[in-house]
Structure formats: C-alpha cells, structure tokens
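S.K.: Please work out how this folds:
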Amino acid sequence: MTRKDMDIAVEWAALEGWNPGAHDAECFHAADPHGFFIGEVNREPVATLSAVSYGKTFGFLGFYIVKPEHRGKGYGMQIWRAGLDYLKGRNVGLDGVVAQQDNYKKSGFNLAHRNIRYEGSGGGCLPAHGEIQPLAALPFQMVASYDQRCFPADRSPFLSAWLYQPQSTALGVIRDGALVGYGVIRPCRSGFKIGPLMADTPEAAETLFLALKAGVPTSEPVFLDVPEVNREAVALAARHAMITVFETARMHTGVAPDIPLDRLYGVTSFELG
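M.R.: Sure thing, here's the model as predicted:
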C-alpha cells in the first residue's frame, strides 16, 4: 500500500465496526511503510492486510479484510500468504475475531490469551498527582525503553508517531526519576480509546486511566482493550462500570512472547499489537 491506500484500509475497518482512530493511518504507516498490502482486481481494491515487521524476530498481522462482494473467491488467502511471506522467519502475532479463530489455527497460530474490549464513559476528576507528566516533556528514549518491557520488540518508529498524534493525550508517571507507567488516549470514529496503558503497579495504572479519561466529555464513550489474564486490569474496568463489547484472541505462530502481562493494562491496537 501507499500511504493513500491506508485510508482505504482504515475506512474498511470502520465499516467492519472496528472503530479506528482518527489518525491511525499516519501512525500505522510509520511503523513499517512496506508492511501494508492491498489486493486489486482490474485496479479495484478488493482486499487489505497489514503485516508489520518489528525487527527480525517479531511481526504482527492486522487489517485482514476482503470487500464483502468479493469474499469467497480466494482473494483473502492470496493476500494472507503475501503477508506471511513478508514476515517469514519471525514469530507473528495477531488479534483474531471470534469468527476467524479456527481458520488462524489452521494456519499455525496458537492461542495465547483473550483480549477484552471494555466500554465506559469519559469525564471524572483529574487526579491531584504530582508524579503525572506529559510524555512530550520526557526524553523519547525513556518512553521507548519502558515500552520494550511490555512489547516483544523495539517499535520506536511507530511510537514516534503514536505518542504525539494530533488530538491525543499521552501521560506518564514519574517516580524517583524513573518512568513507572504511561498511557495514550486518542479520538476514534466513536469516542476515545486508551492504548497502550502500561504500569508497574495497579495504583499507577488507575492514576493514568483516570487522568486520561478526565479530559474526555462525559457524553463520549471510552474504550480499553484489556488482556483477560491481567486480573488487576479486569478489576480496573469493573470498578469503573465498564461493559464488555468485543473480544479477540491474541495468537502467535511461535511461543507467546515472554512479556509481563501483569503490567499491560491496555493493548495499543488490535491491528498492530
């Protein structure tokens, strides 16, 4: 895909009900400009797929969409194979919707855990917390290094766009000179999504969660995608009366990466991991 083609993929994702962010196309393309594929028949786009490479060891699939009127013709499998070929030799992850999970298993993907999308509402009081800092005021490498503790690879090119995207808020918690958690909230087709949300402790995660959603009008929904295996994250969603609206299966072609899921309170994106 070209950068312009990315707009097609994002629009199709919206039609599927995946609720993409307002600036996802720019940020996603920055992650790996060569990792987005579009299938055409007589110059008409019929299928999309992202196969983003995070270095030589990890990759992530997303945006796997075939235009409804072209489904059942084999176009999806063609673009699927092209994406997997691009990521050859890497442990590949994806977030599979319920309807496709059996098909992913047939392609060699193994279940790691479920991710649950919760919906709540914006508003609330901004915590009176002197340790909260805008990420823009912190050295980028401090944030990128912290991110690598909870993500399987360095994704600095993506983060350099994601953390500073328009209309978003990105905050961190600094304790004794060290970053102990950070989160981002961004506008989407419907409401706002928090992601990622990473923290060393449940208290730091909740502080960030409250600070991020405090800037959203109470009339707007707020979404948080939670690894079900993180019980503290599930409890956070429950405390704030969030309801389950969607689920995916995090799957990999290899062994699930050894990352501390107890520090991951909100997944960055179901499309890019």
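S.K.: residue boundaries of the helices in the stretch 151-273 of the chain?
M.R.: 156-162, 202-214, 231-239 (DSSP state H, counting those that start in this stretch).
S.K.: Now the first one - C-alpha only, PDB.
M.R.: Looking back up the chat, that one is helix 156-162. What follows is helix 156-162, C-alpha atoms only, in PDB (Å, rounded to 0.1, in the frame of the first residue of the first chain):
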ATOM      1  CA  SER A 156      10.400   3.200  18.100                       C
ATOM      2  CA  PRO A 157       9.300   4.400  14.600                       C
ATOM      3  CA  PHE A 158       5.700   3.700  15.400                       C
ATOM      4  CA  LEU A 159       5.900   5.200  18.900                       C
ATOM      5  CA  SER A 160       7.500   8.400  17.500                       C
ATOM      6  CA  ALA A 161       4.200   9.000  15.600                       C
ATOM      7  CA  TRP A 162       1.700   7.400  18.100                       C
END
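S.K.: Mind listing what's buried along it?
M.R.: Residues 156, 158, 159, 162 are the ones in helix 156-162 that count as buried (16 or more other CB atoms under 10 Å). Glycine gets a C-beta too; all of them are placed from N, C-alpha and C.
S.K.: Tell me the secondary structure of the nearest residue to the first one once chain neighbours are set aside, please.
M.R.: For residue 156, ignoring the flanking residues on the chain, the nearest one in space by CB to CB, 6 or more residues apart in numbering is residue 144 at 4.9 Å. For residue 144, the reduced secondary structure class is helix; criterion used: DSSP: H, G, I helix; E, B strand; the rest coil.
S.K.: and residue 144, how many neighbours?
M.R.: Number of residues near residue 144 (other CB atoms under 10 Å) recorded here: 17.
S.K.: could you list every residue that touches it?
M.R.: 154, 156, 159 (CB atoms under 8 Å, 6 or more residues apart in numbering).
S.K.: swap in residue 233?
M.R.: Per CB under 8 Å, 6+ apart, neighbours of residue 233: 205, 226, 227, 264, 265, 266.
S.K.: The second one reaches residue 115, doesn't it?
M.R.: Yes - between residue 226 and residue 115 there is a contact at 6.7 Å, judged by CB atoms under 8 Å.
S.K.: Common neighbours of those two, please.
M.R.: residue 267.
S.K.: Could you find the closest non-adjacent residue to residue 90?
M.R.: Using CB to CB, 6+ apart, the closest residue to residue 90 is residue 59 (4.3 Å).
S.K.: same thing with residue 51?
M.R.: Once flanking residues are discounted, residue 51 sits nearest to residue 83: 3.4 Å by CB to CB, 6+ apart.
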